[in-house]
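Peer 1: coords please:
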Amino acid sequence: MKRPVLFIPLGLFFVVVVFLLGQLLNNAQGDDPTKLESVLVGKPVPEFRLEDLTEAGKLYDQDIFKGQPLLLNVWATWCPTCYAEHTYLNELAANGVKIIGLNYKDDRVKAIGWLNKLGNPYLVSLFDGNGMLGLDLGVYGAPETFLIDANGVIRYRHVGDVNERNWQDKLGPMYEKMLAEAKG
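Peer 2: Okay, the predicted model is just below:
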């Protein structure tokens, strides 16, 4: 009677191997393991009230995202990837791309110094010191960028840096499509 008990660990081992093999095959077929879906895609930006990063006391709410298509870029000075993408965000802004920054769980003084030193691609920088808007957006970390249409509806969530390759391949065409839709 002890023999069947010996097969239980072996059986569990094979179940785990089959599961892991299935995951590997799915990823080999083109699934992106870094892609994080957002339950907010197709929904308005959550309600909030946050201060401007550089002007304490100046408050903004979700209406800041209405009127024109734009990017919401979640960034922080503690984020090395944010530093890497910052030059490209400055290029996009210089070429007319509208970007709002969300300074996420950061030190306000360091963040202002960062923008003064590296340039400021943002129309507005919201200060989310406690990370509550980030939490409402489902942010896992910085950088993350959301494409938001002229009605304030989140159309896409991009995890990681915005760079020339992913702008040309995916984000730019989506942004251009939102611009065309806004013009009617």
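
Peer 1: what's the closest non-adjacent residue to the most centrally placed residue in the chain?
Peer 2: Closest to where the C-alpha atoms of the chain average out (CA atoms, centre = their mean) is residue 144, at 2.1 Å. The shortest distance from residue 144 to any residue other than its chain neighbours is 4.5 Å, reached at residue 74 (CB to CB, 6 or more residues apart in numbering). No exception for glycine: its C-beta is placed from N, CA and C like everyone else's.

Peer 1: check contacts around the one you found.
Peer 2: 102, 104, 134, 137, 139, 142-146 (CB atoms under 8 Å, 6 or more residues apart in numbering).

Peer 1: re the thing from before, who does the residue nearest to the centre of the chain form a beta bridge with?
Peer 2: When bridges are taken as DSSP bridges, the partners of residue 144 come out as residue 74, residue 159.

Peer 1: verify the stated contact: it with residue 157.
Peer 2: Yes. With contacts defined as CB atoms under 8 Å, residue 144 counts as touching residue 157 at a distance of 6.6 Å.

Peer 1: show the contacting residues for the nearest residue to residue 79 once chain neighbours are set aside.
Peer 2: With sequence-adjacent residues excluded and distances taken as CB to CB, 6+ apart, residue 79 is closest to residue 142, at 4.2 Å. Residue 142 makes contact with 74-76, 79, 81-82, 104 under the criterion CB under 8 Å, 6+ apart.

Peer 1: got the CA positions of the host helix or strand of residue 86 in CSV?
Peer 2: When secondary structure is defined using DSSP states H and E, the element that contains residue 86 is helix 80-94. Backbone C-alpha positions of helix 80-94 (Å, rounded to 0.1, in the frame of the first residue of the first chain) are rendered in CSV as follows:
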residue,chain,number,x,y,z
PRO,A,80,16.7,54.8,-13.9
THR,A,81,14.5,53.8,-16.8
CYS,A,82,12.7,57.2,-16.5
TYR,A,83,16.1,58.9,-16.8
ALA,A,84,16.8,56.9,-20.0
GLU,A,85,13.4,57.8,-21.6
HIS,A,86,13.5,61.5,-20.6
THR,A,87,15.4,62.7,-23.7
TYR,A,88,13.0,61.0,-26.0
LEU,A,89,10.0,62.5,-24.2
ASN,A,90,11.6,66.0,-24.7
GLU,A,91,11.9,65.2,-28.4
LEU,A,92,8.2,64.1,-28.6
ALA,A,93,7.1,67.3,-26.8
ALA,A,94,9.2,69.5,-29.1
